[in-house]
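starting from these lines, generate the structure:
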Amino acid sequence: MAEDLCKTPQKRKKRVKYEQKYKSEYRDEFKCINKSSVGDTFAFCNLCRCDVNITHGGRDDLRKHCLTQKHVHAATAAKFQPSVSSFAGADRSAEVTCSELLFTSFLVEHNIPLSASDHAGLLFRKMFPDSELAKKYGSARTKTTCTISALARSSHSNVVSALERQPFSVSTDGSNDSDFKLYPIVVRYQNSVTGHVECTLLSLPNLELDATGENIAGIIDKSFTQLGVPWANCIASGCDNASVMTGRNMGCVTHMQQKYKPTIALAGCPCHLLHIAAEKASHRLPVSIDDLLIDIYYYLDKSSKRIQKLHDFQQLCNVEVRKILKHVCSAPDGCH
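Sure thing, here's the model as predicted:
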């Protein structure tokens with residue numbers, strides 16, 4: 001019986017097979033290895049552009065793959081292959097554009113001729129030889145002119161958008177040019193972004209008809225219609241105190257109130273009234289104001305001693321020291 005038991009073959013237990021799966025830790029050791037789209041038991045080699053089976057050895061399978069001749073050649077080629085960015089360079093076009101916009105705004109703000117932009121690029125490259133932005137700066141007169149036009153359109157569009165949704169006042173006055181009768185339309189409104197009250201030029205139309213109150217009001221209405229600015233948001237009209245603007249019957253503001261909005265308020269110019277009052281009052285004085293101002297200028301012009309006494313007197317009165325300018329005629333109808 002014992003001999004029979006010894007001769008009976010015993011069944012062996014089958015070993016359980018464990019499959020290795022991709023782990024994110026492999027990426028730390030093998031920089032060229034990523035997760036494969038085939039399955040969890042595969043890894044993708046970026047250099048060889050193939051999927052590696054890691055079912056049996058896992059990390060050991062990846063190590064063996066890195067020693068193959070195919071992978072070694074691919075790694076060597078990638079090491080000496082220059083990057084695309086080395087040919088194109090770092091993309092700093094946005095920074096270059098920003099620098100060109102800033103300098104263009106500087107020219108406009110300080111009323112500098114646009115011809116100065118022809119020399120700006122060369123000047124910047126000499127001033128800042130190590131700057132990559134200076135080397136790429138290339139806004140000369142033509143590009144600067146186009147940039148200013150684009151900025152003007154953007155700024156004008158923002159002004160029109162603000163007038164469409166909030167109250168504003170409008171002002172205008174005719175030019176003294178004999179060939180053209182320009183009526184610059186200026187609006188005053190509160191900027192919702194900065195919170196400041198701003199005064200800006202909306203349009204510059206040419207009045208081809210007679211400069212009557214009705215025609216002036218009509219040219220303002222034409223500009224509003226073209227730009228889509230509603231009369232409902234216009235609350236006041238500023239102007240000088242000429243009868244063509246403030247006349248009760250035929251004035252420009254009267255036509256605005258009758259045709260477009262009855263509640264528009266008239267805001268006459270107080271400086272204009274003061275100027276007229278001062279001009280009329282000067283005629284009643286026993287001396288000529290113009291001649292007196294000219295005499296004062298020449299009295300101080302060539303004498304440093306008299307100028308010093310004037311400075312001492314200004315300091316005694318705690319006022320700013322200023323230079324006496326020569327009185328000249330600045331308008332065709334007289335001296336001002």
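
isn't Q257 up against I264?
Yes. Between Q257 and I264 there is a contact under CB atoms under 8 Å: 5.4 Å. All C-beta atoms are positioned from the backbone trio N, CA, C, and that covers glycine.

please enumerate the strands of the chain.
Counting by DSSP state E, one finds strands in the chain at the ranges 33-35, 42-45, 50-53, 168-171, 185-190, 197-203, 234-239, 265-268.

in JSON lines: the ones you listed, plus mean pLDDT and mean neighbour count.
Shown next, in JSON lines, are these (pLDDT from 0 to 100; neighbours: other CB atoms under 10 Å):
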{"stretch": "strand 33-35", "mean pLDDT": "86", "mean neighbour count": "17"}
{"stretch": "strand 42-45", "mean pLDDT": "88", "mean neighbour count": "21"}
{"stretch": "strand 50-53", "mean pLDDT": "87", "mean neighbour count": "17"}
{"stretch": "strand 168-171", "mean pLDDT": "93", "mean neighbour count": "20"}
{"stretch": "strand 185-190", "mean pLDDT": "93", "mean neighbour count": "18"}
{"stretch": "strand 197-203", "mean pLDDT": "92", "mean neighbour count": "14"}
{"stretch": "strand 234-239", "mean pLDDT": "91", "mean neighbour count": "20"}
{"stretch": "strand 265-268", "mean pLDDT": "87", "mean neighbour count": "16"}
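
for F103, which of those strands is the nearest?
Closest approach to F103 among the strands of the chain (CB to CB): strand 197-203, 22.5 Å.

related to what we said a few turns ago, out of the strands of the chain, which gets nearest to V160?
With CB to CB, the closest approach to V160 among those belongs to strand 197-203: 7.9 Å.

only C-alpha atoms, please: export the closest one in CSV.
Presented in CSV, the C-alpha positions along strand 197-203 are these (Å, rounded to 0.1, in the frame of the first residue of the first chain):
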residue,chain,number,x,y,z
VAL,A,197,-14.0,113.5,-16.7
GLU,A,198,-12.4,113.7,-20.1
CYS,A,199,-12.7,116.1,-23.0
THR,A,200,-11.9,114.8,-26.4
LEU,A,201,-12.4,115.6,-30.1
LEU,A,202,-15.2,113.5,-31.6
SER,A,203,-15.1,114.7,-35.3
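
what helices or strands is that strand leaning on?
For strand 197-203, the contact count by 3 or more CB pairs under 8 Å, 6 or more residues apart in numbering; DSSP states H and E identifies helix 141-165, strand 185-190, helix 213-227 as packing neighbours.

try it again at 10 Å.
Secondary-structure packing of strand 197-203 (3 or more CB pairs under 10 Å, 6 or more residues apart in numbering; DSSP states H and E): helix 141-165, strand 168-171, strand 185-190, helix 213-227.

pick the most buried one from those.
Burial of the helices and strands packed on strand 197-203 is given as mean neighbour count (mean count of other CB atoms under 10 Å); strand 168-171 ranks first at a mean of 20.

what comes into contact with that one?
Strand 168-171 is contacted from outside by 159, 162-163, 184-190, 198-199, 202, 220, 223-224, 229, 231, 233-240, 245, 256, 264-265, 267, 269, using CB atoms under 10 Å, 6 or more residues apart in numbering.
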